[in-house]
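S.K.: sharing a model prediction with you, sequence too.
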Amino acid sequence: MTESLRRTGILIKHNTVLRLRDPGQLISYIVLPMVLMSVLRSLYVEALDSGTMQAVTGPLVMFSVFALSIVGNSILLEREWRTWDQLRASRSSRTELLLGKTVPVLVLLVFQQFVLLLFGCLVIGLPLPGNMLALAAAVTIWGFTLLAIGAALATIVRSRGDLALVSDVGAMAVSSIGGALAPVSLMPGWAQAIAPFSPGYWAMDLLRAGLEGDTGDMVRPALVCLGIGLAAGAFATSRLARGWGRSHLL
């Protein structure tokens, strides 16, 4: 157990350094939603009773989905550098490799969301959350879901271009259909019918309930997000274990 923890710690430290050396994506996914929140706030406040909530949670969910590319790139880079095969051949177990790769990215995803929520409270006018534990749980669960989906994508795509295509198109589709741009109740009938199939739909409900401190309303969206995350994580783990992360498959 001690050796396993030591190897996992080394991998986490190594991947943290890699992420911090290339902060461009994370910075853009923090600054851009801040701009959207500031620009769209007046429109949402005039049009909706919960306009401030929509102005904050909508861009937050949209750009947190865009951050899937950060997760995917963290694994895809290892394949491009031909280092993933070496890691798999080392003494580190599959679990240690995945923890070392994903823990730093999960911290970045949670950090991104908390920075945007702080901006929403201090600048946009969102009321301060009454239950910080509920909000922290909501943010962490959504971060885990994104992490698992991003890891699954990284085991399928063959290039950064493929990853960018899937991440960008998927982010716009998942977030817009899920109600990030406009409440689901104002969307066309066909969009309302398929909205629950979008992870963004449940993320919006989860974050709103977390911000309002309503733990009862958090249960259903939290379970759905966890279910999606566990399914995607199991898929990614299976693919990597069977060699689909090997560099020669790029």
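M.R.: Structure received.
S.K.: where along the protein do the helices fall?
M.R.: For the chain, the helices defined by DSSP state H occupy 2-21, 24-47, 51-66, 68-80, 84-89, 94-119, 132-154, 160-177, 189-194, 199-212, 215-241.
S.K.: pLDDT (mean, whole number) over the third one?
M.R.: Confidence over helix 51-66 (mean pLDDT, whole number) is 91.
S.K.: please apply the same query to the first one.
M.R.: For helix 2-21, mean pLDDT is 81.
S.K.: mind giving me the packing neighbours of it?
M.R.: helix 68-80, helix 94-119 (3 or more C-beta pairs under 8 Å, 6 or more residues apart in numbering; DSSP states H and E). Heads up, the C-betas are built off the backbone N, CA and C, glycines and all.
S.K.: kindly recompute the last result at 6 Å.
M.R.: helix 94-119 (3 or more C-beta pairs under 6 Å, 6 or more residues apart in numbering; DSSP states H and E).
S.K.: check the longest one too.
M.R.: Here helix 215-241 is seen to pack against helix 132-154, helix 199-212 when contacts are counted using 3+ C-beta pairs under 6 Å, 6+ apart.
S.K.: run a quick neighbour tally on the closest residue in space to Arg239 that isn't next to it in sequence.
M.R.: Sequence neighbours aside, Thr155 is the residue nearest to Arg239 in space, at 3.8 Å (criterion: C-beta to C-beta, 6 or more residues apart in numbering). Neighbour count of Thr155, defined by other C-beta atoms under 10 Å: 20.
S.K.: give me the distance between Thr155 and Leu108.
M.R.: Distance, Thr155 to Leu108, by C-beta to C-beta, to the nearest Å: 20 Å.
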